[in-house]
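Engineer: below is the structure, and that's it, no one-letter string:
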């Protein structure tokens, strides 16, 4: 058995190395097909973006600092509840750097969490607190996604008279309630049923154990959870503003489903947060809602500039400009081995 397990590691490593190649190949095929189908309308993208309404565009750009600030507040609030109290600038800098790590490294979400944890540890936060804050932040982000998706599908089904959308909305709501029950069991210290514990991944078990060790109650997650939900809503509004800036008039549910789909693909993407495939997929979805292809792709590109590229550039700047001399001295002190 041990030999079989050892032999499986090279296969998994080879598969992980192939993921970026397969992703790029799929992107190229998808892009070529899309170009041949829509090349006439795609020639209008440049003029559309150049003539975008400045007021709507400013509203979309205003969402960038709001989302970043909400995510930083989530981390800082969680760290404070776990007994750590890093300076706000420290959390900002760690978060901006984690964006770069999560963008350029394969498997963006785990890489981003690892980068955030490492930066916080360098600033004196204990490894256990930093890791649990990262895991809680990711859980809250997923919870916010699940909380928004069912009502969005219901609203979309009502507006477009698509009754089958109600069924996945009910299933997703059930899955969300199951997640809440599992979190409640974990935080309030009740024993996890043996049948469930056997089926849960080790990372979930460790997460529950750490949460219990810190004695954090579920009600303490209400505020950071609300901030995570706020960030998701601002992201959807960013797409709504972007569509308005190129002359379209979408409903809020259309913008929500487009943004939620983009988030889902970027999370599942093995590299660069799904750059290319996210844009093409969101464009196709927005086109199905009646938006012209050129306007849909233009709005999607503006949306991705706000949600991916501007935060990424900010993160790169945080790497190039490490901050004040005092912060650099703090880093050197944190890197020294403690006696």
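Structural biologist: Nice, I can see it. These numbers were taken from a predicted model, which means no experiment stands behind them. Numbering: from 1, shown residues only.
Engineer: list the contacts of residue 303.
Structural biologist: 60, 238-239, 242, 259, 262, 282 (CB atoms under 8 Å, 6 or more residues apart in numbering). All C-beta spots, glycine's among them, are computed from the backbone N, C-alpha and C.
Engineer: switch to 6 Å and redo it
Structural biologist: By CB atoms under 6 Å, 6 or more residues apart in numbering, the contact list for residue 303 reads 238-239, 242.
Engineer: which SS state does it fall under?
Structural biologist: Secondary structure for residue 303, judged by DSSP: H, G, I helix; E, B strand; the rest coil, is helix.
Engineer: separation between it and residue 296?
Structural biologist: 10 Å (CB to CB, to the nearest Å).
Engineer: same thing with residue 253?
Structural biologist: Distance from residue 253 to residue 296, by CB to CB: 16 Å.
Engineer: those two: who's more crowded?
Structural biologist: residue 296 (28 against 21; other CB atoms under 10 Å).
Engineer: what helix or strand is the more buried one located in?
Structural biologist: Using DSSP states H and E, residue 296 sits in helix 293-304.
Engineer: now the element after that helix, going C-ward?
Structural biologist: Going down the chain from helix 293-304, the next helix or strand is helix 310-320, by DSSP H and E.
Engineer: quick one: list the elements packing against that next one.
Structural biologist: If contacts are counted by 3 or more CB pairs under 6 Å, 6 or more residues apart in numbering; DSSP states H and E, helix 310-320 sits against helix 88-104.
Engineer: shaky segments in the stretch 51-200 of the chain?
Structural biologist: 106-108, 159-200 (pLDDT under 70).
Engineer: export the contacts of residue 303 to TSV and tack on distance to residue 229?
Structural biologist: Output for these, formatted as TSV (distance: CB to CB, whole Å):
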residue	distance to residue 229
238	15
239	16
242	21
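Engineer: pull out the buried members of those residues.
Structural biologist: Neighbour counting with 16 or more other CB atoms under 10 Å marks 238-239, 242 as buried within these.
Engineer: let me have those residues in JSON lines, extended by pLDDT, distance to residue 135 and secondary structure.
Structural biologist: Shown next, in JSON lines, are the buried ones among the contacts of residue 303 (pLDDT from 0 to 100; distance: CB to CB, whole Å; DSSP: H, G, I helix; E, B strand; the rest coil):
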{"residue": "238", "pLDDT": "95", "distance to residue 135": "27", "secondary structure": "helix"}
{"residue": "239", "pLDDT": "94", "distance to residue 135": "28", "secondary structure": "helix"}
{"residue": "242", "pLDDT": "94", "distance to residue 135": "32", "secondary structure": "helix"}
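Engineer: which one of those is nearest residue 289?
Structural biologist: Using CB to CB, residue 239 is the member of the buried ones among the contacts of residue 303 that lies nearest residue 289, at 11.6 Å.
Engineer: wait, the closest one sits on residue 258?
Structural biologist: Yes: using CB atoms under 6 Å, residue 239 makes contact with residue 258 at a distance of 5.4 Å.
Engineer: which strands and helices sit next to the strand or helix carrying residue 68?
Structural biologist: For residue 68, the element it lies in under DSSP H and E is helix 54-81. With contacts taken as 3+ CB pairs under 6 Å, 6+ apart, helix 54-81 sits against helix 88-104, helix 127-160, helix 222-245.
Engineer: now do the shortest one against helix 54-81, angle only.
Structural biologist: Going back to what we said before, that points to helix 88-104. 110 degrees (axes from the mean of the first three to the mean of the last three CA atoms, to 10 degrees).
Engineer: check which residues of the following helix or strand past helix 88-104 are buried.
Structural biologist: Where DSSP H and E defines the elements, the next helix or strand beyond helix 88-104 is helix 108-122. By 16+ other CB under 10 Å, the buried positions in helix 108-122 come out as 108-109, 111-122.
Engineer: same check, this time on stretch 294-309
Structural biologist: 294-308.
Engineer: go on, stretch 64-80?
Structural biologist: Those would be 64, 66-79, for stretch 64-80 by 16+ other CB under 10 Å.
Engineer: mean confidence (pLDDT) on stretch 307-325, please.
Structural biologist: Stretch 307-325 shows a mean pLDDT of 79.
Engineer: separation between the closest residue to residue 95 other than its chain neighbours and residue 245?
Structural biologist: The shortest distance from residue 95 to any non-neighbouring residue, by CB to CB, 6 or more residues apart in numbering, is to residue 72 (5.2 Å). Plainly put, residue 72 is 27 Å away from residue 245 if you go by CB to CB.
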